[in-house]
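**Q** the following comprises the amino acid sequence and a computationally predicted model.
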Amino acid sequence: MRQLPLWLLPGALWVGYAAGAHVFTLTAIRRGPRGAHRVALTFDDGPDPVNTPKVLDLLGDAGARATFFVVGERAASAPDVVREMVARGHEVGNHTWSHANLWFCGPRRTEREIARAHEAIAELTGRPPRFFRPPWGMVNLAVFPTLRRLGTPCVLWSLQPEGLRPVAPQEMASRVLRGIEPGAIVDLHDAEGVPGAPGRLLEALPPMLEGLSAAGYACVPLGELLSPA
Ligand SMILES: [Zn+2]
(Lines give C-alpha, C1' and ligand atoms only; values in the text may rest on other atoms or scores of the structure.)
Protein backbone atom coordinates (compact mmCIF):
# COMPACT_ATOMS: atom_id res chain seq x y z
CA MET A 1 0.00 0.00 0.00
CA ARG A 2 1.33 3.45 -0.88
CA GLN A 3 2.03 5.71 2.09
CA LEU A 4 0.44 9.12 2.40
CA PRO A 5 2.91 11.91 1.68
CA LEU A 6 4.24 13.20 5.03
CA TRP A 7 3.23 16.79 4.30
CA LEU A 8 -0.39 15.70 4.39
CA LEU A 9 -0.09 14.45 7.97
CA PRO A 10 -0.63 17.76 9.88
CA GLY A 11 -3.67 18.55 7.76
CA ALA A 12 -5.10 15.07 8.25
CA LEU A 13 -4.55 15.27 12.02
CA TRP A 14 -6.22 18.68 12.15
CA VAL A 15 -9.23 17.45 10.20
CA GLY A 16 -9.63 14.64 12.73
CA TYR A 17 -9.09 16.93 15.74
CA ALA A 18 -11.40 19.74 14.62
CA ALA A 19 -13.89 18.71 11.93
CA GLY A 20 -13.90 15.06 13.06
CA ALA A 21 -14.83 16.09 16.61
CA HIS A 22 -18.20 17.24 15.33
CA VAL A 23 -19.32 13.64 15.53
CA PHE A 24 -19.52 14.27 19.29
CA THR A 25 -21.96 17.15 18.78
CA LEU A 26 -24.50 14.48 17.81
CA THR A 27 -24.86 14.06 21.56
CA ALA A 28 -25.14 17.82 22.19
CA ILE A 29 -28.41 19.19 23.56
CA ARG A 30 -30.42 20.86 20.79
CA ARG A 31 -33.89 20.92 22.26
CA GLY A 32 -35.88 20.12 25.38
CA PRO A 33 -38.84 17.84 26.00
CA ARG A 34 -41.89 18.33 23.77
CA GLY A 35 -44.37 17.63 26.54
CA ALA A 36 -45.07 21.19 27.67
CA HIS A 37 -45.46 24.58 25.98
CA ARG A 38 -42.06 25.70 27.25
CA VAL A 39 -39.15 27.04 25.19
CA ALA A 40 -35.71 28.46 25.99
CA LEU A 41 -34.48 31.74 24.53
CA THR A 42 -30.69 31.81 24.63
CA PHE A 43 -28.56 34.92 24.06
CA ASP A 44 -24.92 34.55 22.98
CA ASP A 45 -21.82 36.76 22.94
CA GLY A 46 -22.64 39.28 25.69
CA PRO A 47 -22.80 40.86 28.03
CA ASP A 48 -22.91 44.14 26.17
CA PRO A 49 -22.93 46.95 28.74
CA VAL A 50 -25.40 49.04 26.70
CA ASN A 51 -27.67 46.51 24.96
CA THR A 52 -27.89 43.62 27.43
CA PRO A 53 -29.62 45.73 30.14
CA LYS A 54 -32.22 46.70 27.50
CA VAL A 55 -32.72 43.01 26.67
CA LEU A 56 -33.18 42.33 30.40
CA ASP A 57 -35.85 45.04 30.59
CA LEU A 58 -37.74 43.66 27.55
CA LEU A 59 -37.65 40.15 29.01
CA GLY A 60 -38.79 41.48 32.37
CA ASP A 61 -41.71 43.37 30.79
CA ALA A 62 -42.84 40.15 29.10
CA GLY A 63 -42.36 37.97 32.17
CA ALA A 64 -39.84 35.87 30.24
CA ARG A 65 -36.70 34.30 31.67
CA ALA A 66 -33.79 33.17 29.50
CA THR A 67 -30.24 31.89 29.35
CA PHE A 68 -27.25 34.09 28.53
CA PHE A 69 -24.18 32.34 27.12
CA VAL A 70 -21.64 34.98 28.09
CA VAL A 71 -18.07 35.47 26.90
CA GLY A 72 -15.84 35.28 30.00
CA GLU A 73 -13.73 38.38 29.36
CA ARG A 74 -16.85 40.45 28.55
CA ALA A 75 -18.54 39.18 31.71
CA ALA A 76 -15.48 40.14 33.75
CA SER A 77 -15.61 43.69 32.36
CA ALA A 78 -19.37 44.11 32.95
CA PRO A 79 -19.89 42.25 36.25
CA ASP A 80 -22.95 44.27 37.26
CA VAL A 81 -24.82 43.22 34.12
CA VAL A 82 -24.07 39.56 34.87
CA ARG A 83 -25.26 39.92 38.47
CA GLU A 84 -28.41 41.61 37.21
CA MET A 85 -29.11 38.59 34.96
CA VAL A 86 -29.04 36.31 37.99
CA ALA A 87 -31.02 38.74 40.16
CA ARG A 88 -33.80 38.70 37.55
CA GLY A 89 -34.00 34.91 37.44
CA HIS A 90 -32.02 34.27 34.25
CA GLU A 91 -29.37 31.62 33.80
CA VAL A 92 -25.75 32.27 32.82
CA GLY A 93 -23.92 29.77 30.60
CA ASN A 94 -20.34 29.52 29.34
CA HIS A 95 -19.43 30.72 25.81
CA THR A 96 -15.59 30.51 26.29
CA TRP A 97 -13.27 33.15 27.68
CA SER A 98 -12.55 35.11 24.46
CA HIS A 99 -15.05 33.78 21.91
CA ALA A 100 -12.28 31.73 20.36
CA ASN A 101 -12.89 29.58 17.31
CA LEU A 102 -12.14 26.19 18.85
CA TRP A 103 -11.24 24.74 15.46
CA PHE A 104 -8.00 26.67 15.77
CA CYS A 105 -7.25 26.08 19.46
CA GLY A 106 -4.92 23.29 20.61
CA PRO A 107 -5.89 21.16 23.61
CA ARG A 108 -4.23 23.45 26.19
CA ARG A 109 -5.82 26.63 24.90
CA THR A 110 -9.19 24.87 24.56
CA GLU A 111 -9.04 23.82 28.21
CA ARG A 112 -8.08 27.37 29.26
CA GLU A 113 -10.81 29.01 27.15
CA ILE A 114 -13.51 26.86 28.72
CA ALA A 115 -12.21 26.57 32.29
CA ARG A 116 -11.29 30.24 32.72
CA ALA A 117 -14.75 31.40 31.68
CA HIS A 118 -16.31 28.69 33.88
CA GLU A 119 -14.42 29.98 36.91
CA ALA A 120 -15.12 33.64 36.16
CA ILE A 121 -18.88 32.96 35.85
CA ALA A 122 -18.88 30.92 39.06
CA GLU A 123 -17.19 33.77 40.88
CA LEU A 124 -19.48 36.47 39.45
CA THR A 125 -22.76 34.65 39.94
CA GLY A 126 -21.98 32.55 43.02
CA ARG A 127 -22.70 29.32 41.15
CA PRO A 128 -20.87 27.44 38.39
CA PRO A 129 -22.49 27.53 34.96
CA ARG A 130 -24.49 24.41 34.08
CA PHE A 131 -24.17 24.60 30.30
CA PHE A 132 -21.57 25.37 27.62
CA ARG A 133 -22.11 26.60 24.07
CA PRO A 134 -19.14 26.68 21.65
CA PRO A 135 -18.75 29.85 19.54
CA TRP A 136 -20.28 29.26 16.08
CA GLY A 137 -21.08 25.73 17.30
CA MET A 138 -17.50 24.71 16.45
CA VAL A 139 -15.69 22.18 18.60
CA ASN A 140 -12.54 20.03 18.72
CA LEU A 141 -11.60 16.76 20.38
CA ALA A 142 -10.29 18.49 23.53
CA VAL A 143 -13.66 20.14 24.25
CA PHE A 144 -15.50 17.07 25.46
CA PRO A 145 -13.17 15.82 28.24
CA THR A 146 -13.09 19.38 29.61
CA LEU A 147 -16.89 19.63 29.55
CA ARG A 148 -17.18 16.26 31.30
CA ARG A 149 -14.75 17.37 34.00
CA LEU A 150 -16.69 20.61 34.57
CA GLY A 151 -20.08 18.88 34.35
CA THR A 152 -21.39 21.27 31.68
CA PRO A 153 -23.01 19.64 28.64
CA CYS A 154 -22.68 21.19 25.19
CA VAL A 155 -25.88 23.01 24.17
CA LEU A 156 -26.59 23.99 20.57
CA TRP A 157 -30.04 25.09 19.35
CA SER A 158 -33.07 23.98 17.36
CA LEU A 159 -33.91 27.41 15.96
CA GLN A 160 -31.54 30.18 14.85
CA PRO A 161 -33.39 33.07 13.19
CA GLU A 162 -30.17 34.91 12.26
CA GLY A 163 -27.13 32.92 11.16
CA LEU A 164 -24.08 34.46 9.54
CA ARG A 165 -26.01 37.12 7.57
CA PRO A 166 -28.08 39.98 9.00
CA VAL A 167 -31.83 39.36 9.13
CA ALA A 168 -34.36 42.22 9.48
CA PRO A 169 -35.98 42.40 12.94
CA GLN A 170 -39.54 41.61 11.78
CA GLU A 171 -38.29 38.66 9.77
CA MET A 172 -36.26 37.45 12.76
CA ALA A 173 -39.39 37.51 14.92
CA SER A 174 -41.45 35.81 12.18
CA ARG A 175 -38.89 33.04 11.75
CA VAL A 176 -39.04 32.29 15.47
CA LEU A 177 -42.85 32.36 15.56
CA ARG A 178 -43.09 30.14 12.47
CA GLY A 179 -40.52 27.62 13.69
CA ILE A 180 -41.36 27.51 17.39
CA GLU A 181 -42.51 24.24 18.93
CA PRO A 182 -42.57 22.84 22.46
CA GLY A 183 -39.04 22.30 23.78
CA ALA A 184 -37.36 24.58 21.22
CA ILE A 185 -34.02 26.17 22.04
CA VAL A 186 -33.73 29.51 20.21
CA ASP A 187 -30.30 31.02 19.49
CA LEU A 188 -30.15 34.86 19.59
CA HIS A 189 -27.34 37.40 20.07
CA ASP A 190 -27.32 40.28 22.57
CA ALA A 191 -23.85 41.45 21.48
CA GLU A 192 -21.98 41.67 18.20
CA GLY A 193 -22.06 38.33 16.43
CA VAL A 194 -23.22 39.46 13.06
CA PRO A 195 -22.58 43.25 12.82
CA GLY A 196 -25.52 45.23 14.22
CA ALA A 197 -27.05 42.11 15.81
CA PRO A 198 -27.95 43.72 19.18
CA GLY A 199 -29.85 46.60 17.56
CA ARG A 200 -31.89 44.22 15.40
CA LEU A 201 -32.51 41.97 18.40
CA LEU A 202 -33.91 44.86 20.43
CA GLU A 203 -36.43 45.52 17.66
CA ALA A 204 -37.22 41.85 17.11
CA LEU A 205 -37.73 40.93 20.75
CA PRO A 206 -41.04 42.71 21.54
CA PRO A 207 -43.02 41.10 18.66
CA MET A 208 -41.24 37.79 19.28
CA LEU A 209 -42.12 37.77 22.99
CA GLU A 210 -45.66 38.90 22.32
CA GLY A 211 -46.16 36.19 19.69
CA LEU A 212 -44.73 33.48 21.92
CA SER A 213 -46.99 34.50 24.78
CA ALA A 214 -50.05 34.65 22.47
CA ALA A 215 -49.25 31.12 21.29
CA GLY A 216 -49.20 29.97 24.91
CA TYR A 217 -45.44 29.47 25.30
CA ALA A 218 -43.57 30.11 28.55
CA CYS A 219 -39.96 31.22 28.11
CA VAL A 220 -37.84 29.53 30.77
CA PRO A 221 -34.10 29.15 31.44
CA LEU A 222 -32.42 26.05 29.98
CA GLY A 223 -32.08 24.38 33.38
CA GLU A 224 -35.86 24.48 33.77
CA LEU A 225 -36.58 23.47 30.19
CA LEU A 226 -34.36 20.42 30.49
CA SER A 227 -35.33 19.31 33.98
CA PRO A 228 -38.29 16.95 34.11
CA ALA A 229 -41.44 18.87 35.05
ZN1 LIG B 1 -20.93 33.40 19.89
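**A** Happy to help now that I have it.
**Q** mind listing what's buried along the helix or strand hosting residue 209?
**A** Assessed by DSSP states H and E, residue 209 sits inside helix 197-214. For helix 197-214, burial by neighbour count (16 or more other Cβ atoms under 10 Å) applies to 197, 198, 200, 201, 202, 204, 205, 207, 208, 209, 211, 212. Using the backbone N, CA and C atoms, a C-beta is placed for each residue, glycine as well.
**Q** now do stretch 57-73
**A** In terms of neighbour count (16+ other Cβ under 10 Å), stretch 57-73 has its buried residues at 58, 59, 62, 64, 65, 66, 67, 68, 69, 70, 71, 72.
**Q** what distance do you get for the nearest residue to the second one once chain neighbours are set aside to residue 176?
**A** The reference is to residue 59. Distances taken as Cβ to Cβ, 6 or more residues apart in numbering put residue 66 closest to residue 59, at 5.8 Å, once the chain neighbours are dropped. Using Cβ to Cβ, to the nearest Å, residue 66 is found at 13 Å from residue 176.
**Q** coming back round to it: ok, the residue nearest to residue 59 - contacts?
**A** Residue 66 makes contacts with 40, 41, 42, 43, 59, 90, 91, 219, 221, as judged by Cβ atoms under 8 Å, 6 or more residues apart in numbering.
**Q** in JSON lines: the residues you listed, plus distance to the ion, secondary structure and pLDDT.
**A** Converted to JSON lines, these look like this (distance: Cβ to the ion, whole Å; DSSP: H, G, I helix; E, B strand; the rest coil; pLDDT from 0 to 100):
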{"residue": "40", "distance to the ion": "16", "secondary structure": "strand", "pLDDT": "98"}
{"residue": "41", "distance to the ion": "15", "secondary structure": "strand", "pLDDT": "98"}
{"residue": "42", "distance to the ion": "10", "secondary structure": "strand", "pLDDT": "98"}
{"residue": "43", "distance to the ion": "10", "secondary structure": "strand", "pLDDT": "98"}
{"residue": "59", "distance to the ion": "19", "secondary structure": "helix", "pLDDT": "98"}
{"residue": "90", "distance to the ion": "17", "secondary structure": "coil", "pLDDT": "98"}
{"residue": "91", "distance to the ion": "16", "secondary structure": "strand", "pLDDT": "98"}
{"residue": "219", "distance to the ion": "20", "secondary structure": "strand", "pLDDT": "98"}
{"residue": "221", "distance to the ion": "18", "secondary structure": "coil", "pLDDT": "98"}
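**Q** most neighbours among those, please name it.
**A** Ranked by neighbour count (other Cβ atoms under 10 Å), the contacts of residue 66 have residue 43 at the top, with 30 neighbours.
**Q** that one contacts residue 190, correct?
**A** Yes: using Cβ atoms under 8 Å, residue 43 is in contact with residue 190, at 4.1 Å.
**Q** anything in contact with each of the two?
**A** Residues touching both residue 43 and residue 190 (Cβ under 8 Å, 6+ apart): 52, 55, 68, 201.
**Q** just these: which are in strands?
**A** Among these, the members found in strands (DSSP state E) are residue 68.
**Q** and the shared contacts of residue 43 and residue 190, which two are furthest apart?
**A** Spatial extent of the shared contacts of residue 43 and residue 190 (Cβ to Cβ) is set by the pair 68 and 201 at 12.3 Å.
**Q** what do the two both touch?
**A** What both residue 68 and residue 201 touch, as defined by Cβ under 8 Å, 6+ apart, is the set 43, 190.
**Q** residues from this protein in reach of the ion?
**A** 44, 45, 135 (Cβ under 5 Å from the ion).
**Q** just name the closest of the residues you listed to residue 118, please.
**A** Nearest to residue 118 among the residues of the chain next to the ion: residue 135, at 14.9 Å, using Cβ to Cβ.
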